[in-house]
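J.: Sharing a sequence plus its predicted fold:
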Number of protein chains: 2
Amino acid sequence: MDAFTFHNPTRIHFGAGMIRFLGKELKDISISRCLMIAGGGSIKHNGVYDQVCQTLASHDIKWTEGWGVVPNPILDKVRDLITLARQDKVEAIVAVGGGSVIDTAKAVAAGIFLDDVWTAFTRKEQIQQALPLFTVLTLSATGSEMNGNAVITHQELRHKSAIYSPLLYPRVSIIDPTVQSSLPFHQTVNGALDAIAHILEYYFVDEQPVVTLGIDDALQRTIVAMTDRLKIDPADVNARSNLAWSATLALNGISGIGLKGGDWACHQIEHAISAVYPKVAHGEGLGVIFPTWIEYLAEREPARFARWSLNVWGESRPEVAVKRFREKICSWDSAGCLRDLGVKDKDLPLIIDLIMQSSSIGAFSKFRRSDVEALLLLAY
Amino acid sequence: MDAFTFHNPTRIHFGAGMIRFLGKELKDISISRCLMIAGGGSIKHNGVYDQVCQTLASHDIKWTEGWGVVPNPILDKVRDLITLARQDKVEAIVAVGGGSVIDTAKAVAAGIFLDDVWTAFTRKEQIQQALPLFTVLTLSATGSEMNGNAVITHQELRHKSAIYSPLLYPRVSIIDPTVQSSLPFHQTVNGALDAIAHILEYYFVDEQPVVTLGIDDALQRTIVAMTDRLKIDPADVNARSNLAWSATLALNGISGIGLKGGDWACHQIEHAISAVYPKVAHGEGLGVIFPTWIEYLAEREPARFARWSLNVWGESRPEVAVKRFREKICSWDSAGCLRDLGVKDKDLPLIIDLIMQSSSIGAFSKFRRSDVEALLLLAY
């Protein structure tokens, strides 16, 4: 089990009604004006917006509203919001939404201190400062509510890029699972698949950290079982709570302890797909790529996938476990192949070129161009 | 799954050689003089003391040494160390040892700001300030390296009492599992039993947080399997690492998420035993009390113990699972009953009186005097 440093300072308020703590949390560090960042307006329908306004107003905190963050969030929106944050001299960012909103908020929180925020993504500049960030989560998926990562798409370059900084951990995140009851089921599934993918990016890298792998088994089994329950009853609060907390743990550090930073080939591949097809949901794309990646590698090295097959799917043979994984994804009405996602075969060369722009693909198993081509063919 | 707030700001450096980061961590917050608190001197034999001195000296940090903390640490020692800390005007506390040393260090860190530190234990005074605390762990057991708890014994009152404060989370804890290779096996076992007991105090309280219970299954199975491996080879670094991280997770908040704060009857009962018999190791005492507590309650309510029986011990019947739990403890040469611990039957009334001083015993199942008497008889 490799050496590691773990530090996750985010305070989580979890449960029905916990949004009411937001105002006090901002007040406790003397914030008087913040920028509220949000998506397309769903928070006006599920009551979250009203709750946020109420807790801010009752603590005499003024706010500016920045709407319109889209899934696979884009750099131009980050830039607009930085301008807005500077104009209004805000002292904190409040993200109200899912992972796209939170990632945008992180880029704004850091970008306000940079001449050009994209230089943080290209590593030309280091993040040395960031405004304090508070989040109210409305879709459990990316884990962004309890980590220091953000992924943003540069539209002209068709490039998704990530930043990480200890300064980008939200100071406080509020997870009220009951506000997710009104989500369309396919969004719940996208979140579940994203969370499973985060765990799987670490899972196969090393067999030594048995405690982490045992936790990761439990997280995967829980996510699958809770998604099944939510298909039947989207208002099952206990299933929603267990799914939400599992998704947070899937990428807050705990699931990757001792696992060498993970592999991340599947994320690199999916990022290229959704950079070309921005309407492909990240989770759904991962739901196509990950089973294929396992299938592709398990042929060469079945022993490495034995633990996962048995502990997560109750199957001794990886090829059967992968089949069950795919069947489960399809039972949730999520795409089973690239064609289902709407990817056209004429675009595969462009997607492959985008993937190959990275200096390396994967860690546990480094992918060459021929591997990427074979995998996309298998996934098609 | 109940609402909860989770916040654990401790930074962990984990792995062989990580003690070298201590000096830099103190320097980063401009500490120039600290109090090093330690036990009986084992750290001079396993190389830890030399490593600590070296990293402090190389960062120009001066230190005072406070030795002699004993297992089941006592209030008088806390008071002596507070006097020393005041005399030498230290700006931080560095605990180098196991849970007793860290708990003592927490009491000193808070007590230096109080007229009488015991008032924090009796709740007469609130902890409003504490010196920053750094720990170097030498025995994985109590989880004190990543939580805000401390337990101290008032010798005259024969009373063990606990404090908790968000201010008592160590700022940084260093866990180098390799320094535990030279521990006598019975100390490893005491630590393992303490960690299992922490998980069990939460485990039976509610069935709804399935993600937490799944994690707790994994933690228990890992602790048992790794202790078995360490019995054969105390220098098995991977077993030592997995055991160490499991023990930290057992009481850093993660194992109790959604579980209503836990039950804690067994800890209350064991605290009375080791208050009367200070030579009884806390973990070994819990290894006697916990199986008996499960046995006692499972007779009335077997369904509540079904999940534990199956997932941790692979048995469908709780009475068989308890038997396997006890046999495992005995296979590690740890006490199987109160008599093995050296408890005399003439002292049982005193122990019972001490237990009954608490305003209530347990939470999930409240114990009356008759329950305590029956349990101790069964454990005898």
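T.: Ah, there it is. On a predicted model such as this, the values are computed, not experimentally measured, just so you know. Numbering: from 1, shown residues only, chains lettered A, B, ... in the order given.
J.: can you map out the helices along the stretch 201-350 of chain A?
T.: In the stretch 201-350 of chain A, the segments counted as helices under DSSP state H, counting those that start in this stretch are A:210-232, A:237-249, A:265-276, A:282-300, A:306-313, A:318-331, A:348-356.
J.: Out of the ones you listed, which is closest to chain B?
T.: helix A:210-232 (2.9 Å; CB to the nearest CB). Every C-beta, even on glycine, is put in place using the N, C-alpha and C of the backbone.
J.: What score does the residue with the largest distance to the centre of chain A have for pLDDT?
T.: The outermost residue of chain A, judged against the average C-alpha position, is A:Asp60 (32.3 Å), by CA atoms, centre = their mean. A:Asp60 is assigned a pLDDT of 98 by the prediction.
J.: so who does the residue lying closest to A:Ser274 once chain neighbours are set aside touch?
T.: Closest residue to A:Ser274 apart from its sequence neighbours, by CB to CB, 6 or more residues apart in numbering or on different chains: A:Val280 at 4.6 Å. With contact set as CB atoms under 8 Å, 6 or more residues apart in numbering or on different chains, A:Val280 has these partners: A:Asn72, A:Ile273, A:Ser274, A:Leu341, A:Gly342, A:Val343.
J.: Selection in PyMOL covering whichever of those residues are buried, please.
T.: A single PyMOL command selects the buried members of the contacts of A:Val280 (16 or more other CB atoms under 10 Å in any protein chain shown):
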select buried, chain A and resi 72+273+274+341+343
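J.: Alongside chain B, which residues does the stretch 151-300 of chain A contribute?
T.: Within the stretch 151-300 of chain A, the positions lying close to chain B (CB under 8 Å from any CB of the partner chain) are A:208-212, A:214-215, A:217-219, A:221-222, A:225-226, A:237-238, A:241-242, A:245-246, A:249, A:254, A:257-258.
J.: Just read off the phi/psi values of the spatially most central residue of chain A.
T.: Centroid-nearest residue in chain A, with CA atoms, centre = their mean: A:Thr142, separated by 1.8 Å. Torsion angles at A:Thr142 (phi, psi; degrees, to the nearest 10) stand at phi -80, psi -20.
J.: for the closest residue in space to it that isn't next to it in sequence, what are its contacts?
T.: Among residues not flanking A:Thr142 along the chain, A:Gly99 sits closest, at 2.9 Å (CB to CB, 6+ apart). Shown in contact with A:Gly99 (CB under 8 Å, 6+ apart): A:Leu139, A:Ala141, A:Thr142, A:Gly143, A:Ser144, A:Asp194, A:His282.
J.: So for stretch A:106-122, what gets flagged as buried?
T.: A:106-114, A:117-118, A:120-121.
J.: quick one: which of those residues is nearest A:Ser173?
T.: A:Lys106 (11.9 Å; CB to CB).
J.: how far out from the middle of the chain is the helix or strand that closest one falls within?
T.: A:Lys106 is part of helix A:99-111, with elements assigned from DSSP states H and E. In terms of CA atoms, centre = their mean, to the nearest Å, the centre of helix A:99-111 is found 12 Å from the chain centre.
J.: for A:Ala162, helix, strand, or coil?
T.: The local conformation at A:Ala162, judged by DSSP: H, G, I helix; E, B strand; the rest coil, is strand.
J.: mind showing which ranges of chain A have poor pLDDT?
T.: Along chain A, no part satisfies pLDDT under 70.
J.: Could you chop it up by domain?
T.: A:11-179, A:184-379 (automatic domain parsing).
J.: would JSON lines of the ones you listed with distance to B:Gly47 be doable?
T.: What follows is those, written out as JSON lines (distance: least, CB to CB, whole Å):
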{"stretch": "domain A:11-179", "distance to B:Gly47": "31"}
{"stretch": "domain A:184-379", "distance to B:Gly47": "23"}
